[in-house]
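Participant: Below: sequence and its predicted model.
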Amino acid sequence: MSQTAGRLRQVDGEDGRGRDGDMTDDGELLARRFEDSRARLGGVALRMLGSSAEAEDAVQEAWLRLTRADSATIDNLEGWLTTVVSRVCLDMLRSRGSRREEPLAEHHDPADSTDPAREAELADAVGPALLVVLESLQPAERLAFVLHDLFAVPFDEIAVIVGRTPAAARQLASRARRRVRGSAGIEDPGEARRRAVVDAFLAASRDGDFQGLLDLLDPDAVIRADGAAVAMGAAEILRGAAAVAETFAGRAQGARFALVDGMPGAVWSKGGVPRVVFAFTVEEGRVTGIDLISDADTIGALEFEFL
């Protein structure tokens, strides 16, 4: 019998249990599915909070919320649980004061084996020294970094959790990533490659080289525009390499290559003031996403280094 199911039998007549304290078949199935996700949820919570006791509390709170929810309406249980645990952790980070965190290196986390290989070095570096850096991050930055860089959660999902746009969520993770790498002394071997891909993409755009753009784009590449960019005439979202290439072919004439919060991108300015930021996501040598950012407040919070 699962650990969760055992706990549930201590409470009579609630959340899918019969009057005699036994769980219904549906309750048993839900408990087993939750237990299947427990290691990953614990890994997220442990890296967010730095305390095994608090991490367990966050995971257990997710279970309690699940028992109160209509599970039949949840299409993606793992995604739902990750969102709940992340929000619980975010609330805990925002509400607590300065405190000492337990070194993550002391804990064995089964979720480590599922981390993306490209982030393995960062995952291995999450130890006592790095926790000091994570503690200095804003809660939303910490959440974005942990979820995306260590657990490969897409920025679309992170944006919902932190209540921001995908582009803003991406920038939160970018700022956190720079501070984490700087503190841990980790050099990113893919940085030069990403810069080269974005530089080549901008050159192909200016030259109207449609095929060149296609060669640099992932087949499922997507453009996302924030509300301000949409108001300027951009489509809110475009999917597919052909659509992205058609949008950029012969354009980007006035866009300057720049590091945007440390990540390769481009900036279009008017009167010396940045008006549109192109934030690129590059994976395995191809552009997978471009965020068009025109919101003045968002742009004002970004850091630019023109190269």
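Facilitator: Perfect, thanks for sending it. Residues are numbered from 1 along each chain as shown.
Participant: Can you pull out the low-pLDDT segments for the stretch 1-150 of the chain?
Facilitator: Applying pLDDT under 70 to the stretch 1-150 of the chain flags residues 1-25, 96-134.
Participant: how close does the closest residue to V230 other than its chain neighbours get to S269?
Facilitator: The spatially closest residue to V230, leaving aside those adjacent along the chain, is E236, at 5.1 Å (C-beta to C-beta, 6 or more residues apart in numbering). Any C-beta I mention is one placed from the backbone N, CA and C, and that applies to glycine too. Between E236 and S269 the distance, using C-beta to C-beta, to the nearest Å, works out to 23 Å.
Participant: coming back round to it: so how far is V267 from the residue nearest to V230?
Facilitator: With distances defined as C-beta to C-beta, the gap from E236 to V267 amounts to 21 Å.
Participant: Likewise for A58?
Facilitator: Distance, A58 to V267, using C-beta to C-beta: 39 Å.
Participant: Looking at those two, which is more packed in?
Facilitator: The neighbour count for A58 versus V267, taken as other C-beta atoms under 10 Å, is higher for A58 (26 against 22).
Participant: Give me the next element, helix or strand, following the helix or strand that contains the more buried one.
Facilitator: Per DSSP states H and E: A58 is located in helix 52-68. Note on helix 52-68: by DSSP H and E, the next helix or strand toward the C-terminus is helix 77-95.
Participant: so what does that next one touch, helix or strand wise?
Facilitator: In terms of contacts (3 or more C-beta pairs under 8 Å, 6 or more residues apart in numbering; DSSP states H and E), helix 77-95 is packed against helix 25-49, helix 52-68, helix 139-145, helix 155-162.
Participant: coming back round to it: could you check the pLDDT of the residue nearest to V230?
Facilitator: On the pLDDT scale, E236 is placed at 91.
Participant: Run a quick neighbour tally on it.
Facilitator: Look at E236: counted by other C-beta under 10 Å, it has 12 neighbours.
Participant: Now it. Its backbone dihedrals?
Facilitator: The phi and psi torsions at E236 (degrees, to the nearest 10) take the values phi -60, psi -40.
Participant: So it is in contact with R224, correct?
Facilitator: Yes: taking C-beta atoms under 8 Å as the contact criterion, E236 and R224 are neighbours in contact, 7.3 Å apart.
Participant: Would you mind finding the most buried of the helices and strands packed on helix 77-95?
Facilitator: Burial among those, expressed as mean neighbours by mean count of other C-beta atoms under 10 Å, is greatest for helix 139-145, which shows a mean of 24.
Participant: which other helices and strands contact that one?
Facilitator: When contacts are defined as 3+ C-beta pairs under 8 Å, 6+ apart, helix 139-145 sits against helix 77-95, helix 155-162, helix 166-184.
Participant: and those helices, which is most packed in?
Facilitator: Here the criterion is mean neighbour count by mean count of other C-beta under 10 Å, and of the helices and strands packed on helix 139-145 the winner is helix 166-184, at a mean of 22.
Participant: returning to what we had before: between the helices and strands packed on helix 139-145, which gets nearest to V244?
Facilitator: Nearest to V244 among the helices and strands packed on helix 139-145 is helix 166-184; the distance by C-beta to C-beta comes to 15.7 Å.
Participant: Taking helix 155-162 as reference, get the angle to the closest one.
Facilitator: In this structure, helix 166-184 runs at an angle of 90 degrees to helix 155-162, with axes from the mean of the first three to the mean of the last three C-alpha atoms, to 10 degrees as the basis.
Participant: Past helix 166-184, which element shows up next along the chain?
Facilitator: Helices and strands here follow DSSP H and E; after helix 166-184, the next one along the chain is helix 191-207.
Participant: Tell me the buried residues in that following helix?
Facilitator: Residues of helix 191-207 classed as buried: R194, R195, V197, V198, A200, F201, L202, A204, S205, R206 (neighbour count, 16 or more other C-beta atoms under 10 Å).
Participant: partners of the residue nearest to the fourth one when sequence neighbours are not counted in the sheet?
Facilitator: I take that to be V198. Spatial nearest neighbour of V198, excluding adjacent residues (C-beta to C-beta, 6+ apart): P264 at 4.1 Å. P264 has these beta-bridge partners by DSSP bridges: L259.
Participant: Fine, thanks again, bye for now.
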